[in-house]
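Peer 1: below: sequence and its predicted model.
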Amino acid sequence: MATLDDDLAKAVSEGFRLAQGSIINQDLILSGTGDVTVTLADGSKKTGPSWSKLIAAATAAGTSAAAAATSATNAKTSETNANSSKTAAATSATNAKTSETNAKTSETNAKTSETNANTSENNAKTSETNAAASLAAAQLLTSVPYEEAPFPDVWLPLNDDLRLLAGFAPYDKLTISGQMLELATKSATIIRPTEATYIDKSGVLQTAKIDEPRFEKEGLLIEGQRTNYFRYSNDPSQWKSVSNVDSTLTLVSAIDGNTKAPTGQYTTTTGKTNMNLLDSRSNVIALAIGETLSISCRVKLSANLRFRVRVGNGTSYIGGCYYNPQGELIGAIDKVISSAILGSDGYITIKTTYIADVEGTEFFAQFLIYDLNNVNNNIATGETCALQMPQVELGPNASSFIISGASPATRAADIPTIQRSGNENYFGPFTYSAEVHLNGPVIAATSTSARRGILSFYPSSAEYVMTYVDPSSSSALGKLRSMYGASNFNQSSKRIDDDLIHNVVFSTDLIKNRLSLDGEITEIATAARPTPGNPAPTVPDKILIGWGAGSTAYGQRVLNGHIRNLRIWHRALTLNQIKGLR
């Protein structure tokens, strides 16, 4: 058995003692609480914090740091909230003011709502009334919105000739090498014992022979008898006014414009206040109070043009008007009705009608280059005026150009007709329609002879049918009227003398008479059914186209305008058929 010496045994014992002391100290530090006292190797004592105390202190320090950071954040938030509270306080003040305004607005809106409620109630009643009216109007029509009219019994297109597409008339005849041949066509007839001019569909001035119809773009031209008091109307070389001399105005003849009409081209060679181009001084005209004098021409200007009517020795100017180079009316004297149309060739078609308010036998018309607005009141040298187709005539509205020579010339009236036999159904239901255009406005007149007739036929001077425009009644001025049986009148609500083409229809079923203007229908009950009778000796056995019936054969009730697409049915068309006519 081995043995240890005393030194080694002592060293081992000391090692065990130190190890046991370390274990005890470690246990105190790791497991102890608060402060602990450990024994050092030399036997001395040392007191210090245990591990649990160190952990608690570190935890407390971290918590304090976090709390400090939180406090700083909260302080910043408190500052922000304080600013927000300040802003909110200002906003609250503003909102309070807005609320006060809104309260007043709400009060106003409440009042408005009350008013609107009352208005809505009224509108509801009106809508109910209108709905009833619409239903009533709808009940007047069939369930079909468009109903085509049957083929007419008489159809006269009047587009480029007088041929009938339907109806009765003698067959047309053609003579070849002395032999008369009967053609398959039938035509209306026209009487006009003089030549007459017209503007064809290309805009060119043409001359129609005796009894030759005149077709313009609006249809068959129908005019009454007129006289052009302007001499040499188609010979510009003769257009020298008595008040002009060559030193102030030169004149050159030419063929010009779309119309290719003889034209007087004037040029000023000396400045002057106004220059008389031409006048009808040598052809004085008698006028009674209320009668009319119409002046017309085509002009192309660099200065202004003036028309004027003079009486006596020329000391009195009683009517006139002024036009600028653009065809604009820039001045007028009372008692004058004027119109102007600027054409594509630069020529202005000017028509002026003077209504006489004094009586005399020495009226005459003048055409002048006139300076109306120039500051110096002077026409400059070199101003030009091209003038063609000058005309001065008695009657309302200028008519087609009349070629005159050394004396005034007269154009006879156009009288187009078709036979009554087989073409009209006066004593039974019938309908007729036509496209109608009036030349110029209807001018008030006291005489029924100034009526502008469209169509008429009648078995006697007391019983007739007539559609016309009547200038003798202020309530009917320019409006379409119809008469059936001499005692039944229809009248349109609109004027027809607006230079447009209108669709005119008259229809009767012997119970109601209906007059339609462009689809707008007026109707009246038939006062008395016409009774058959023998034609009066003075009444022609014709249907008059563009004329109104009268106590004489033809009267003076002429259309002074155009008619196209004349149709007659021996039946009363329905309302839908009338509205669908074109």
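Peer 2: Perfect, I can see it now.
Peer 1: switch to C-alpha atoms for all contacts and neighbour counts from now on
Peer 2: Will do.
Peer 1: all helices for the chain, in order.
Peer 2: Taking DSSP state H to define them, one finds helices in the chain at 6-31, 51-140, 575-580.
Peer 1: mean pLDDT lowest where, among those?
Peer 2: Least confident of the helices of the chain, judged by mean pLDDT, is helix 51-140 with a mean of 68.
Peer 1: report how many residues lie close to the closest residue to G546 other than its chain neighbours.
Peer 2: Distance criterion C-alpha to C-alpha, 6 or more residues apart in numbering; nearest residue to G546, sequence neighbours excluded, is I454 at 4.2 Å. Number of residues near I454 (other C-alpha atoms under 10 Å) recorded here: 32.
Peer 1: in contact with I454, which residues?
Peer 2: By C-alpha atoms under 8 Å, 6 or more residues apart in numbering, the contact set of I454 is V436, M466, T467, Y468, I545, G546, W547, G548, V558, L559, I563.
Peer 1: could you find the closest non-adjacent residue to L18?
Peer 2: Among residues not flanking L18 along the chain, A41 sits closest, at 6.5 Å (C-alpha to C-alpha, 6+ apart).
Peer 1: I misspoke; the intended subject was F506.
Peer 2: Nearest to F506 is L515, by C-alpha to C-alpha, 6+ apart, at 4.7 Å.
Peer 1: the one you found contacts F489, correct?
Peer 2: No: assessed by C-alpha atoms under 8 Å, L515 is found out of contact with F489, at 9.4 Å.
Peer 1: now list whatever residues contact both of the two.
Peer 2: Counting by C-alpha under 8 Å, 6+ apart, the shared contacts of L515 and F489 are R481, S482.
Peer 1: for the two, indicate the residue with more neighbours.
Peer 2: Each of L515 and F489 has its neighbours counted (other C-alpha under 10 Å); L515 has more, 28 against 20.
Peer 1: report pLDDT for that one.
Peer 2: According to the prediction, L515 has pLDDT 92.
Peer 1: contacts only, for it.
Peer 2: So L515 contacts R481, S482, N490, Q491, S492, V504, V505, F506, S507, I521, T522, E523 (C-alpha under 8 Å, 6+ apart).
Peer 1: over to I295?
Peer 2: Each residue near I295 by C-alpha under 8 Å, 6+ apart is listed here: F307, K351, T352, T353, A365, P390, Q391, V392, E393, A398.
Peer 1: go again using 6 Å as the cut-off
Peer 2: Neighbouring residues of I295 by C-alpha atoms under 6 Å, 6 or more residues apart in numbering: K351, T352, Q391, V392.
Peer 1: leaving out the residues flanking it, which one is nearest to it?
Peer 2: Nearest non-adjacent residue to I295, counting by C-alpha to C-alpha, 6+ apart: V392, 4.6 Å away.
Peer 1: wait, doesn't the one you found sit right on Y232?
Peer 2: No: V392 is not in contact with Y232 according to C-alpha atoms under 6 Å; the separation is 11.8 Å.
Peer 1: higher neighbour count, those two?
Peer 2: A count of neighbours by other C-alpha under 10 Å puts V392 above the other of V392 and Y232, at 31 against 19.
Peer 1: what about that one, distance to V358?
Peer 2: 18 Å (C-alpha to C-alpha, to the nearest Å).
Peer 1: cool, and R306?
Peer 2: According to C-alpha to C-alpha, R306 and V358 sit 21 Å apart.
Peer 1: what of A57?
Peer 2: A57 sits 131 Å away from V358, going by C-alpha to C-alpha.
Peer 1: do N513 as well
Peer 2: 43 Å.
Peer 1: out of these two, which sits in the more crowded spot?
Peer 2: The neighbour comparison of N513 against V358 (other C-alpha under 10 Å) goes to N513, with 25 against 12.
Peer 1: partners of the more buried one in the sheet?
Peer 2: Beta-bridge partners of N513, counted by DSSP bridges, are T508, I524.
Peer 1: can you pull the contacts of it?
Peer 2: Applying C-alpha under 6 Å, 6+ apart, we find N513 in contact with S507, E523, I524.
Peer 1: ok, the residues you listed vs Q26, which is closest?
Peer 2: Proximity of these to Q26 (C-alpha to C-alpha) peaks at E523, which lies at 130.2 Å.
Peer 1: neighbours of the residue nearest to I255 when sequence neighbours are not counted, how many?
Peer 2: Leaving aside its sequence neighbours, I255 sits nearest to P262 (C-alpha to C-alpha, 6+ apart; 4.7 Å). P262 has 20 neighbours, counted by other C-alpha under 10 Å.
Peer 1: R514 touches S507, doesn't it?
Peer 2: Yes: contact criterion C-alpha under 6 Å: R514 and S507 qualify, at 5.1 Å.
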